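Peer 1: what would the 3D arrangement of this be:
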Amino acid sequence: MHQEIKQGLEDYLSAAGDASELPAHVQSHLGECAACSEELRSLRAQAQWLRSLRAPQDVEPRPGFYARVMERIEAQPASIWSVFLERRFGLRLAVASAALVALLGTYLVVSEPSGPELSSSPAVALTTNVAAAQAVSDPGPQAVSDEDGALQQQQRDAVLVDLASYRQ
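Peer 2: Modelled structure (predicted):
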């Protein structure tokens, strides 16, 4: 009951201007509870201070006030997108976009693998190495020297590594 009355004091105060107009159960509780009575006194003092700040008479705006307000509203940009039409902002946006494109392009060029062994497509590297292996395994009518034999062995090893590491 105490909490309900304490939370409802402001409503009771706004509905009733005088303590005699409060409901009977609220008046009896205020007589018994010092905390709620103090809260009610504090709320009344605040209400009186706020009333003292009220202007003594209604203030009318000067002639042309509404017209000036409407002119200012119409002079403001229509939407957030109109910011992009401003020269300074558009220039800064263009420079920042160009710098971003340059940075991304540089990154792609620097990080791009090169050579057939680092090809981006494993199938292309595999077909290249298989063709090289076939050429090595079928030398034709020429005689194979020791240097050619070492080269053939390196190429066979490369093909074997490619086949072993191939993933689909």
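Peer 1: if I look at residue 42, how far off is residue 59?
Peer 2: 30 Å (C-beta to C-beta, to the nearest Å). Bear in mind the C-beta positions are built from the backbone N, C-alpha and C, glycine included.
Peer 1: what does residue 30 give?
Peer 2: 38 Å.
Peer 1: from residue 3, how far out is the residue nearest the centre of the chain?
Peer 2: Nearest to the geometric centre of the chain sits residue 80, at 17.3 Å (C-alpha atoms, centre = their mean). From residue 80 across to residue 3, the span is 47 Å (C-beta to C-beta).
Peer 1: so what's the residue nearest to the centre of the chain scoring on pLDDT?
Peer 2: The model reports residue 80 with a pLDDT of 74.
Peer 1: could you do the one 4 residues further on as well?
Peer 2: Reading off the confidence values, residue 84 has pLDDT 74.
Peer 1: now swap in the one 5 residues further on and tell me
Peer 2: Reading off the per-residue confidence, residue 89 sits at a pLDDT of 87.
Peer 1: tally of neighbours for residue 22?
Peer 2: Applying other C-beta atoms under 10 Å, we find 19 residues neighbouring residue 22.
Peer 1: does it touch residue 29 like I think?
Peer 2: No. At 9.6 Å, residue 22 and residue 29 do not qualify as touching, with contact defined as C-beta atoms under 8 Å.
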